[in-house]
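Chemist: sharing a sequence plus its predicted fold:
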Amino acid sequence: MKLHFIAIGGSAMHSLALALHTKGNIITGSDDAIYEPSKSALQNKGLLPEEFGWFPEKLTRELDAVILGMHARKDNPELKKAEELGLKIYSYPEFLFELSKEKTRVVVGGSHGKTTITAMILHVMHYHGKEIDYMLGAPVRGIENTINLSDENDFMLIEGDEYPASAIDLRPKFHLYQPNIALLSGIAWDHINVFPTFENYVEQFQIFIKSIVKGGILVYNEEDETLKILAENTENQIRKHPYFTPEYHVEDGETILETSEGDMPLEIFGRHNMNNLAGAKWICQHMGIDEDDFYEAMMEFEGASRRLEKIYENENGIIFKDFAHSPSKVKASTEAVKEQYPNKKLIACLELHTFSSLNSEFIQQYKDTLGKADEAMVFYSPEAISQKQMQAVSPEEIKNAFNEPNLEVVSETSAFKKILESKDFKNSVLLLMSSGTFGSLDLEEMKTLF
């Protein structure tokens with residue numbers, strides 16, 4: 001097939017372009033800016049555009065289809081040309097569905113944990129030599145590509161998120177996959193710029209459950225009350241399998257899962273990850289992996305990239321970097337680290353970086369999320385608020401929202417770094433939580449504090 005990618009430089013878009021190129025398709029693409037690692041990956045396969053920008057002349061009737069990335073706007077010149085020519089235009093998730101129509105689609109969704117659960121499932125499949133197609137929302141340790149496509153594999157594993165499919169199709173991506181087997185990990189309001197109310201957000205998961213094919217399977221976290229109500233009340237004719245957090249305990253900084261076959265030590269830790277593991281086990285069983293084989297593989301699972309990633313350790317303490325930024329994830333990560341290291345001082349640092357986290361109304365959702373930390377800091381950039389054209393929030397508002405009277409709130413990287421340098425890190429854990437960079441904080445310098 002001849003395919004043209006509008007906004008080829010996106011994380012998911014460039015991965016799909018590379019996968020389709022590997023399968024022998026003729027791929028072209030455009031973008032107004034492409035950054036690493038996408039840039040080098042495309043260049044290595046000869047797919048990097050010769051110059052950045054939008055070039056309508058690239059669109060001709062010889063193309064079999066156009067794939068539209070979320071980064072491209074409604075008035076994109078190439079999109080307009082494709083519409084004029086009457087070309088078939090797919091959003092990324094629409095095209096993924098087209099590629100997997102004849103396969104058993106396994107979709108992992110939820111406000112939190114979906115990347116980790118998807119990574120767990122894929123790790124187990126690879127451990128036992130079971131080849132499947134997949135699409136990951138983020139890089140996973142030990143997995144070279146975030147997308148794998150084949151003609152012969154039976155299963156297609158997809159990490160499904162709630163973000164809009166494209167500028168001309170505002171449906172959440174996970175509405176478009178029509179899963180045969182689905183997992184939902186929980187519902188915690190996020191993306192306030194897309195879903196202005198909690199009710200509107202919950203409705204997206206209700207629609208997702210309805211989209212499961214008749215006779216299909218829904219695996220869901222029954223500890224989430226909102227999700228439990230949706231699952232129990234759906235009129236869709238599907239099989240439902242609830243799961244819950246299994247029994248476990250912590251010994252000398254090691255998490256031990258209690259199974260019917262005896263105690264099993266794990267590399268991962270935290271109540272939220274034990275819950276993720278329970279969901280992943282159900283999915284793997286539906287994909288042909290029995291319980292014993294699942295546990296055997298999970299003993300070697302080290303976690304998804306950027307999720308509670310240990311970046312440094314010495315006799316004084318440990319540094320973790322975590323992608324957590326939404327309230328539910330911040331709370332889960334903070335509690336997990338404190339549970340794992342109860343005798344160490346926990347210094348938790350959070351960057352408010354996303355549209356939701358910088359919204360003066362939504363920020364109330366962070367109440368008590370840092371409660372398990374011995375010392376807590378919040379970093380935010382007034383420039384980021386200005387760039388997003390949002391109403392300013394004050395340090396006092398942030399303190400009140402978090403319900404932490406001793407919370408240190410900092411808005412300059414230099415001041416943030418200075419406060420960290422003044423702290424005593426003996427017998428401590430530093431937890432850095434952000435989807436950003438703390439204003440380009442040098443992590444190598446942080447290691448010298450221990």
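Modeler: Nice, I can see it. Numbers count the residues shown, from 1 in each chain.
Chemist: stretch 269-277 - what's its average pLDDT?
Modeler: The average pLDDT for stretch 269-277 rounds to 96.
Chemist: mind listing what's buried along the helix or strand hosting Ala119?
Modeler: Element membership for Ala119 (DSSP states H and E) is helix 114-127. If you call a residue buried by 16 or more other C-beta atoms under 10 Å, then helix 114-127 has these buried ones: 114-125, 127. Bear in mind the C-beta positions are built from the backbone N, C-alpha and C, glycine included.
Chemist: quick check, nearest of the residues you listed to Ser414?
Modeler: Nearest to Ser414 among the buried residues of helix 114-127: Thr115, at 32.3 Å, using C-beta to C-beta.
Chemist: circling back: from the contact counts, what lies against the helix holding Ala119?
Modeler: Applying 3 or more C-beta pairs under 8 Å, 6 or more residues apart in numbering; DSSP states H and E, we find helix 114-127 packed against strand 104-109, strand 155-159, helix 271-286, helix 291-298.
Chemist: CA atoms of the helix or strand following the last one as PDB?
Modeler: The C-terminal neighbour of helix 291-298 among helices and strands, as given by DSSP H and E, is strand 309-313. Coordinates of each C-alpha in strand 309-313 appear next as PDB, following Å, rounded to 0.1, in the frame of the first residue of the first chain:
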ATOM      1  CA  GLU A 309      12.200   3.700  37.800                       C
ATOM      2  CA  LYS A 310      15.200   3.400  40.200                       C
ATOM      3  CA  ILE A 311      17.800   5.700  38.700                       C
ATOM      4  CA  TYR A 312      20.300   5.600  41.600                       C
ATOM      5  CA  GLU A 313      21.100   3.800  44.800                       C
END
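Chemist: each with direction, which strands does the helix or strand that comes right after strand 309-313 pair with?
Modeler: Per DSSP H and E, strand 309-313 leads on to strand 317-322 as the next helix or strand towards the C-terminus. The strands beside strand 317-322 in its sheet (DSSP bridges) come out as strand 309-313 (antiparallel), strand 428-433 (parallel).
Chemist: now do the helix or strand that strand 317-322 is followed by, average pLDDT.
Modeler: Elements were assigned by DSSP H and E; along the chain past strand 317-322, the next helix or strand is helix 327-340. For helix 327-340, mean pLDDT rounds to 94.
Chemist: and stretch 288-306, which residues are buried?
Modeler: Here stretch 288-306 shows 289, 293-298, 301, 303-306 as buried, counting by 16+ other C-beta under 10 Å.
Chemist: how much space between Val108 and Val378?
Modeler: Per C-beta to C-beta, to the nearest Å, Val108 is found 30 Å from Val378.
Chemist: between the two, which one's more packed in?
Modeler: Legend: neighbour count by other C-beta atoms under 10 Å for Val108 and Val378, higher for Val108 (32 against 26).
Chemist: show me what the more buried one is bridged to.
Modeler: Here Val108, judged by DSSP bridges, has bridge partners Glu159, Leu183.
Chemist: show me what contacts it?
Modeler: 114, 117-118, 121, 157-160, 182-183, 185, 283 (C-beta atoms under 8 Å, 6 or more residues apart in numbering).
Chemist: quick one: it from Glu36, how far?
Modeler: 27 Å.
Chemist: could the buried residues of stretch 288-306 go into JSON lines alongside distance to Ser434 and pLDDT?
Modeler: Listed next are those as JSON lines, based on distance: C-beta to C-beta, whole Å; pLDDT from 0 to 100:
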{"residue": "Ile289", "distance to Ser434": "34", "pLDDT": "97"}
{"residue": "Asp293", "distance to Ser434": "36", "pLDDT": "95"}
{"residue": "Phe294", "distance to Ser434": "32", "pLDDT": "97"}
{"residue": "Tyr295", "distance to Ser434": "33", "pLDDT": "95"}
{"residue": "Glu296", "distance to Ser434": "35", "pLDDT": "94"}
{"residue": "Ala297", "distance to Ser434": "31", "pLDDT": "95"}
{"residue": "Met298", "distance to Ser434": "28", "pLDDT": "95"}
{"residue": "Phe301", "distance to Ser434": "24", "pLDDT": "93"}
{"residue": "Gly303", "distance to Ser434": "17", "pLDDT": "83"}
{"residue": "Ala304", "distance to Ser434": "16", "pLDDT": "80"}
{"residue": "Ser305", "distance to Ser434": "15", "pLDDT": "76"}
{"residue": "Arg306", "distance to Ser434": "10", "pLDDT": "76"}
